[in-house]
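Asker: sequence unknown, structure follows:
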């Protein structure tokens, strides 16, 4: 029942976990584009999409106010992104935690939130 209501968010969450927990030698082979800090762009995109999906799922399946949903998005991004970086640093072979990855995660979510407020004020 929970999966049916929150399938968008849960699917993206699983995708993020799988990508972030790949061993370093496997993750390095997935680089399609060879330019510096491409991984930061990937982190930004993953969390922008995660934020969008979480917003839709919570808006459509709960009575939580939109501003509270945006706070939940920000806190979950901080918790999930920070936890992943710690786990990568200590438990994933050939990976290391990078606080700039967490920053890219937060920027992805913050851009979604800023877009929400810009759209809200424009309409």
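Answerer: Right, received. Where do you want to start? In this text the structure is predicted, and so the values were computed from the model without any measurement. Numbers count the residues shown, from 1 in each chain.

Asker: Can you name the element that comes right after the least confident helix or strand in the chain by mean pLDDT?
Answerer: Of the helices and strands making up the chain, the lowest-confidence element is helix 24-29, at a mean of 63, by mean pLDDT, DSSP states H and E. Scanning the chain past helix 24-29 towards its C-terminal end, the next helix or strand to appear is helix 38-61 (assignment: DSSP states H and E).

Asker: Who are the packing partners of the helix ranked longest in the chain?
Answerer: Ranked by number of residues, the top helix in the chain under DSSP state H is helix 66-91. The elements that helix 66-91 packs onto, with contact taken as 3 or more Cβ pairs under 8 Å, 6 or more residues apart in numbering; DSSP states H and E, are helix 7-20, helix 38-61, helix 99-122. For every residue, glycine as well, the C-beta is placed using N, CA and C.

Asker: Kindly reformat those helices as a markdown table and extend each row with distance to residue 88 and mean neighbour count.
Answerer: Conversion of these to a markdown table gives the following (distance: least, Cβ to Cβ, whole Å; neighbours: other Cβ atoms under 10 Å):
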| stretch | distance to residue 88 | mean neighbour count |
| --- | --- | --- |
| helix 7-20 | 7 | 15 |
| helix 38-61 | 12 | 18 |
| helix 99-122 | 8 | 16 |
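
Asker: could I get those as a markdown table with distance to residue 74 and mean pLDDT?
Answerer: Converted to a markdown table, the helices and strands packed on helix 66-91 look like this (distance: least, Cβ to Cβ, whole Å; pLDDT from 0 to 100):
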| stretch | distance to residue 74 | mean pLDDT |
| --- | --- | --- |
| helix 7-20 | 15 | 95 |
| helix 38-61 | 9 | 96 |
| helix 99-122 | 6 | 93 |
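
Asker: can you list the ones you listed in JSON lines and add distance to residue 82?
Answerer: Rendered in JSON lines, the data for the helices and strands packed on helix 66-91 read as follows (distance: least, Cβ to Cβ, whole Å):
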{"stretch": "helix 7-20", "distance to residue 82": "12"}
{"stretch": "helix 38-61", "distance to residue 82": "12"}
{"stretch": "helix 99-122", "distance to residue 82": "6"}
